[in-house]
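*Asks:* I would like the atomic coordinates for the input below:
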Amino acid sequence: MLPKKNGSENEASGDEESGPKRDQTLAFFGDSLTIGAGGSRPYGDIVGAAFPGRPVVSDGIVGQIAMSIAIRQGGTPLKISVEGGKFDGAKELKVTKLNNEFLSTPINYTTYSRTGTVVGVKCTITRKANDTGESYTIKPDAESTLAIPEDSIFELDDALRLKTATQILWYGRNNITKGTAQDEILTALDDSIAFIEDPKRYLVVGMLQARPENKGTDRYNQVISINEKLESRYGSKYVPMTPPTADEMAAINYTPTEQDLADIENMNFPTGMRPDDRSDEIHINDKGYQIVANRVIAKLKELKY
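*Replies:* Now for the predicted structure:
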């Protein structure tokens, strides 16, 4: 996955005039929200437009829980076992066990692949799915007969390449139905943050409420409790997902309807910032993602990232 460049090729310097230039990449990790489901493009593209010359990577897979995202990001190691326990020349090998199906989703049958290294051999790991199930395989770039012990670490190229980037982590929406959601989200985030190279530059985006999760509902209380924990834990690096303010809406030339104002009163994102398809209860539309992007932009500038 190669980053996209935005505008000018000129890159900003590091914190010190005389110091080395830091990685200018903005890397966005998450689920369907990260890739802009419900809208027309990833919100990272909107953020990137505010920082000309900085490469942008948006790595999201729909329907994924926090641990799967943390594996793609690199914070949680990926462990695999393969049929036969060794390479067989250049043949594709069936993966018999993973510690997490990190390219899987219940939403689609899309084929996903990532490159990386296992026991020193460069490989591609691929997830394929159909209506009868799914499978994972690895294929080496060159012939090998090396043994692959059980639970071998598969180091993902993207994770290693992006560990010096400024990372924007939006985890947890798909954990929310589980009673262990808070612990799972915090563990995944902490592991991911620990993986980022020092000096760490990262933001944690709060959990977005679904359409029905209005003030007073049990699910609202759960989401708010998790967000309060995120804010307490990550402080200035936390980006809230509270409803848009009047000033934020004015900044994108958005005039709220009566329904929007009622939604905001219920402490939720307005209907006008949700997809027209009301069966989609989770996502926001381009106007909603513009609000999120503007908050991320402001934080990146505030923290001098």
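*Asks:* run through the helices of the stretch 151-300 of the chain in chain order.
*Replies:* 157-162, 181-195, 218-234, 246-251, 258-265, 286-302 (DSSP state H, counting those that start in this stretch).
*Asks:* of all those helices, which one is nearest T34?
*Replies:* Closest to T34 of the helices of the stretch 151-300 of the chain is helix 286-302 (CB to CB; 10.2 Å). To be clear about C-beta, it is placed using only N, CA and C from the backbone, and glycine gets the same treatment.
*Asks:* below-threshold pLDDT in the stretch 1-150 of the chain: ranges please.
*Replies:* The stretch 1-150 of the chain contains residues with pLDDT under 70 at 1-19.
*Asks:* strands along that one, start to end?
*Replies:* 26-30, 56-60, 78-82, 93-98, 112-118, 121-130, 133-140 (DSSP state E, counting those that start in this stretch).
*Asks:* could I get the helices of the stretch 151-300 of the chain in JSON lines, plus columns for distance to G36 and mean pLDDT?
*Replies:* Converted to JSON lines, the helices of the stretch 151-300 of the chain look like this (distance: least, CB to CB, whole Å; pLDDT from 0 to 100):
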{"stretch": "helix 157-162", "distance to G36": "19", "mean pLDDT": "98"}
{"stretch": "helix 181-195", "distance to G36": "21", "mean pLDDT": "98"}
{"stretch": "helix 218-234", "distance to G36": "21", "mean pLDDT": "97"}
{"stretch": "helix 246-251", "distance to G36": "18", "mean pLDDT": "99"}
{"stretch": "helix 258-265", "distance to G36": "21", "mean pLDDT": "98"}
{"stretch": "helix 286-302", "distance to G36": "6", "mean pLDDT": "99"}
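*Asks:* TSV for those, including mean neighbour count and distance to I35?
*Replies:* Shown next, in TSV, are these (neighbours: other CB atoms under 10 Å; distance: least, CB to CB, whole Å):
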stretch	mean neighbour count	distance to I35
helix 157-162	20	15
helix 181-195	19	18
helix 218-234	16	21
helix 246-251	13	22
helix 258-265	14	24
helix 286-302	19	10
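*Asks:* now these as CSV including distance to G38?
*Replies:* As requested, the helices of the stretch 151-300 of the chain are exported to CSV (distance: least, CB to CB, whole Å):
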stretch, distance to G38
helix 157-162, 25
helix 181-195, 21
helix 218-234, 18
helix 246-251, 18
helix 258-265, 15
helix 286-302, 8
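*Asks:* ranking the strands of the stretch 1-150 of the chain by burial, who's on top?
*Replies:* strand 26-30 (a mean of 27; mean count of other CB atoms under 10 Å).
*Asks:* residues in contact with it?
*Replies:* 3, 34, 42-44, 47-48, 51, 54-60, 69, 72-73, 162, 165-171, 192, 205, 300 (CB atoms under 8 Å, 6 or more residues apart in numbering).
*Asks:* dump stretch 261-271 to PDB, keeping only the CA atoms.
*Replies:* Extracted C-alpha coordinates of stretch 261-271, given in PDB (Å, rounded to 0.1, in the frame of the first residue of the first chain):
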ATOM      1  CA  LEU A 261     -31.100  20.200  15.900                       C
ATOM      2  CA  ALA A 262     -33.200  17.500  17.600                       C
ATOM      3  CA  ASP A 263     -30.500  15.000  17.000                       C
ATOM      4  CA  ILE A 264     -27.900  17.300  18.400                       C
ATOM      5  CA  GLU A 265     -30.100  17.900  21.500                       C
ATOM      6  CA  ASN A 266     -30.100  14.100  21.800                       C
ATOM      7  CA  MET A 267     -26.200  14.200  21.800                       C
ATOM      8  CA  ASN A 268     -25.900  12.500  18.400                       C
ATOM      9  CA  PHE A 269     -24.700  13.400  14.900                       C
ATOM     10  CA  PRO A 270     -27.400  15.100  12.900                       C
ATOM     11  CA  THR A 271     -29.500  13.100  10.300                       C
END
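*Asks:* alright, calling it a day.
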